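> coords please:
(one chain, ligands or ions: 2)
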Amino acid sequence: MANRQQPSSMPIHKYGRYEQVDIPDRTWPDKRITTAPRWLSTDLRDGNQALIDPMSPVRKRAMFDLLVRMGYKEIEVGFPASGQTDYDFVRSIIEDPDAIPDDVTISVLTQAREDLIERTVESLKGAKRATVHLYNATAPVFRRVVFRGSKDDIKQIAVDGTRLVMEYAEKLLGPETEFGYQYSPEIFTDTELDFALEVCEAVMDVYQPGPGREIILNLPATVERSTPSTHADRFEWMHRNLSRREYVCLSVHPHNDRGTAVAAAELAVMAGADRVEGCLFGQGERTGNVDLVTLGMNLFSQGVDPQIDFSDIDEIRRTWEYCNQMEVHPRHPYVGDLVYTSFSGSHQDAIKKGFDAMEAEAKAKGVTVDDLEWAVPYLPIDPKDVGRSYEAVIRVNSQSGKGGVAYVLKNDHKLELPRRMQIEFSKIIQAKTDAEGGEITPADIWAVFQDEYLPNPDNPWGRIQVAGGQSTTDHDGVDTLTVQATVDGRETTLVGTGNGPISAFFDALQGIGIDVRLLDYQEHTMSEGASAQAASYIECAIGDKVLWGIGIDANTTRASLKAVVSAVNRATR
Ligand SMILES: CC(=O)SCCNC(=O)CCNC(=O)[C@H](O)C(C)(C)COP(=O)(O)OP(=O)(O)OC[C@H]1O[C@@H](n2cnc3c(N)ncnc32)[C@H](O)[C@@H]1OP(=O)(O)O
Ligand SMILES: CC(C)C(=O)C(=O)O
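Ligands and ions are numbered 1, 2, ... in the order given. Got it, this is the predicted structure:
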């Protein structure tokens, strides 16, 4: 019977329930995302405002250039009225003819205060495509505590702010600027739905969206407060109730306070959002903005083009780390150091089988693995698609099994160990990792393998070393094998007969008192072409022991004799 959980002593009474939305005919659960939403990166604004050390102009520019290279077409570049740094940065990219591609719209944020609006619009002079983004908080606690006003007062801030933005845009911006407008009822997540709608409608009454005149209404989860499903209900409600919907770009701006920002964004898109605002790798206030990389890669992994280039994810990450002076967590989806790595045995076994199955299927169909639908267990995407190699996919420690060790030998050394040999060798590795702890690198696995099965001339061990041999076959098909060998340090010639070189060699070994019987034999070539090496694996019963040996040689007979020597020497080691 399960242990009974006890009530905690935490102050649960301090927190209220989040209000549900009465929308029983909700449609979002049945929707699928089949195309990428519009993306806006706010790395240079919401991301930047959350940094201990905000980005310098050089770091801002590196981030801007990265976002452009990746394919973002809407980029919030700052809060120009906050100070000279942001203002100058906006001016610097507008004045640099190479900075902003013609199809990229820059966006700037402002509070609804006249002096700030004037300065904000002024910063955009000469831009080709620019959006002013105005916000004011609409939630009850802000009305009461921050603005100390009624609902009408708060609505008036939004209305006046919108009018001022329009007036200053008219006054300060020339015809070269394609001007756009965005409004955010801040803390949408805590604002009564009908009031959020009322404020958005009042803003639209001023801005008058219509054909060729879009308004972006951005509904921020400034603080994430509910399950993604309730958040989606709120989006569906707004989506259904907004007037002039065809001229509205409905935008979602999730933060990650409950750790569900990605789900909140995805469900909001299913519920009607056209556009998602976020930051790379989830940078942003407190727990961060929604992670644009995860969102984009989630689409990619479902066969939907994110319209953003993540093919060199480590370059994106390096630039991000430089700009933000922060580090990406090793478990961060799609990019962390460990996210394509398995240590545990059953995972490694399934991954190896998955790779093998894909290779076999590709071969059977006469296509490449890249032409097939990806189906490797535990790897939601092919690491290669984001510029990662397979090196880190399987790493071996005490939690690993035969599959991982076999994967390393196959991947790095083209050796396809028979199943029982995998079990034998993995026990040797297991003993080492148990004794020493930690991880064993592929180089160390190879060193142990060589030492165990492939003693080289610099490190000879075992009773027998073979220098060369000749084999002849008589009329009856009987092979006679003559081998020049060193046995127990003495040079000698061994002779044996049998119905093949291996049985002839066993016969020769009987002559010096080594009782050896063949249990299993497998071989494969290790590469294509005339100079291809072959690997032979032999399982032998030697006395009361059962052991594997391996031999590698360009000649398959020599490879198999070496494999016998490998097993025999191991028996007396
Ligand atoms: C959720 C978000 O991310 S919103 C974006 C937040 N980002 C930033 O704040 C970064 C840039 N901000 C700044 O540099 C500064 O806050 C400035 C320059 C904008 C304003 O600075 P200050 O004039 O010193 O004001 P302060 O920062 O204290 O802001 C609070 C004042 O703004 C008012 N205010 C806050 N938001 C808004 C708004 N959206 N519209 C109008 N007034 C607002 C408050 O009521 C308060 O007014 P009060 O002083 O009369 O009580
Ligand atoms: C200004 C708005 C969109 C914002 O950043 C937020 O509410 O989180």
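> residue contacts, Thr105?
73-75, 129-131, 178, 180 (CB atoms under 8 Å, 6 or more residues apart in numbering). The C-beta positions use only the backbone N, C-alpha and C, and glycine is treated the same way.
> quick one: secondary structure of Thr480?
Using DSSP: H, G, I helix; E, B strand; the rest coil, the structure places Thr480 in strand.
> Test my guess that it contacts Val495.
Yes: judged on CB atoms under 8 Å, Thr480 makes contact with Val495 at a distance of 7.0 Å.
> With neighbour numbers in mind, choose between these two.
Counting neighbours by other CB atoms under 10 Å for Thr480 and for Val495 shows that Thr480 has the greater number, 17 against 13.
> Can you list which of the contacts of Thr105 are found in strands?
When those are checked against strands (DSSP state E), the matches are 74-75, 129-131, 178, 180.
> out of these, what pair is the most spread apart?
Ile75 and Glu178 (14.9 Å; CB to CB).
> So which of these two has more stuff around it?
The neighbour count for Ile75 versus Glu178, taken as other CB under 10 Å, is higher for Ile75 (24 against 12).
> what is the more buried one paired to in the beta sheet?
Beta-bridge pairing for Ile75 (DSSP bridges): Ser41, Ile106.
> Also Glu539?
With DSSP bridges as the rule, Glu539 is bridged to Asp520, Trp548.
> neighbours of Ser56, just the number please.
Ser56 has 13 neighbouring residues, counting by other CB under 10 Å.
> how about the residues of this protein near ligand 1?
For the chain, the contact set with ligand 1 under CB under 6 Å from any ligand atom comprises 46, 49, 79, 81-83, 109, 111-113, 116, 135-136, 146-147, 157, 186, 222.
> ok, 5 Å please
Taking CB under 5 Å from any ligand atom as the criterion, the chain approaches ligand 1 at residues 49, 79, 82, 111-113, 135-136, 146, 222.
> okay if I get the residues you listed as CSV plus distance to Val304 and neighbour count?
Listed next are the residues of the chain next to ligand 1 as CSV, based on distance: CB to CB, whole Å; neighbours: other CB atoms under 10 Å:
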residue, distance to Val304, neighbour count
Gln49, 31, 16
Phe79, 33, 23
Ser82, 36, 19
Gln111, 37, 18
Ala112, 37, 21
Arg113, 41, 17
Tyr135, 30, 22
Asn136, 35, 23
Val146, 40, 14
Thr222, 28, 25
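> Among those, name the ones in strands.
111, 135-136.
> can I get the residues you listed in TSV with distance to ligand 2 and pLDDT?
Shown next, in TSV, are these (distance: CB to the nearest ligand atom, whole Å; pLDDT from 0 to 100):
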residue	distance to ligand 2	pLDDT
Gln111	9	98
Tyr135	4	98
Asn136	9	98
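> what's the closest of those residues to Asp515?
Nearest to Asp515, judged by CB to CB, of those is Tyr135 at 86.1 Å.
> Any idea what that closest one is bridged to?
Judged by DSSP bridges, the bridge partners of Tyr135 are Gln111, Ser184.
> Show the contacting residues for it.
Counting by CB under 8 Å, 6+ apart, Tyr135 touches 109-112, 183-186, 220.
> what do you get if the cut-off is 7 Å, keeping everything else the same?
Going by CB atoms under 7 Å, 6 or more residues apart in numbering, Tyr135 touches 109, 111, 184, 186.
> what's the pLDDT at the first one?
Think Leu109. Model confidence at Leu109, given as pLDDT, is 98.
> do you know how far Pro330 is from Gly336?
Between Pro330 and Gly336 the computed distance is 4 Å (CB to CB, to the nearest Å).
> who has more neighbours, these two?
Shown here are Pro330 and Gly336; by other CB under 10 Å, Gly336 has more neighbours (15 against 11).
> Quick one: buried ones out of the contacts of Thr105?
Those of the contacts of Thr105 that meet the buried threshold are 73-75, 129-131, 180, by 16 or more other CB atoms under 10 Å.
> and the residues you listed as a markdown table, adding pLDDT?
Listed next are these as a markdown table, based on pLDDT from 0 to 100:
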| residue | pLDDT |
| --- | --- |
| Lys73 | 98 |
| Glu74 | 99 |
| Ile75 | 99 |
| Arg129 | 98 |
| Ala130 | 98 |
| Thr131 | 98 |
| Gly180 | 98 |
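> of these, closest to Ala357?
Lys73 (39.6 Å).
> For the protein, which element, helix or strand, carries the lowest mean pLDDT?
strand 464-473 (a mean of 89; mean pLDDT, DSSP states H and E).
> neighbouring contacts of that one?
With CB under 7 Å, 6+ apart, strand 464-473 has contacts from 479-487, 501, 504, 561, 565, 568-569.
> Any idea how far that strand is from the middle of the chain?
53 Å (CA atoms, centre = their mean, to the nearest Å).
> Specify the beta-bridge partners of His253.
Pro220.
> Next: Gly180.
Under the criterion used (DSSP bridges), Gly180 bridges to Thr131.
> Just give me the neighbour total for the nearest residue to Ser346 once chain neighbours are set aside.
The shortest distance from Ser346 to any non-neighbouring residue, by CB to CB, 6 or more residues apart in numbering, is to Gly401 (6.9 Å). Neighbourhood size, Gly401 [other CB under 10 Å]: 20.
> Next SSE downstream of the helix or strand where Asp412 lies?
Taking DSSP states H and E as the definition, Asp412 sits inside helix 402-413. Next along the chain after helix 402-413, taking DSSP H and E as the criterion, comes helix 419-436.
> What distance do you get for the residue nearest the centre of the chain to Ile381?
Most central in the chain under CA atoms, centre = their mean is Tyr334, positioned 0.9 Å from the mean C-alpha point. Distance, Tyr334 to Ile381, using CB to CB: 7 Å.
> returning to that earlier point: so which of the ones in strands among the contacts of Thr105 comes closest to Arg61?
Of the ones in strands among the contacts of Thr105, the one sitting nearest to Arg61 (CB to CB) turns out to be Ile75, at 12.1 Å.
> wait, what's in contact with the closest one?
Listed by CB under 7 Å, 6+ apart, the contact partners of Ile75 are 41, 44, 64, 67, 104, 106-107.
> One more: Leu519?
Counted by CB under 7 Å, 6+ apart, Leu519 has contacts 539-541, 546.
> mind running it again at 6 Å?
By CB atoms under 6 Å, 6 or more residues apart in numbering, the contact list for Leu519 reads 539, 541.
> Tell me the confidence at it?
Looking at Leu519, its pLDDT stands at 95.
> Fine by me, thanks again.
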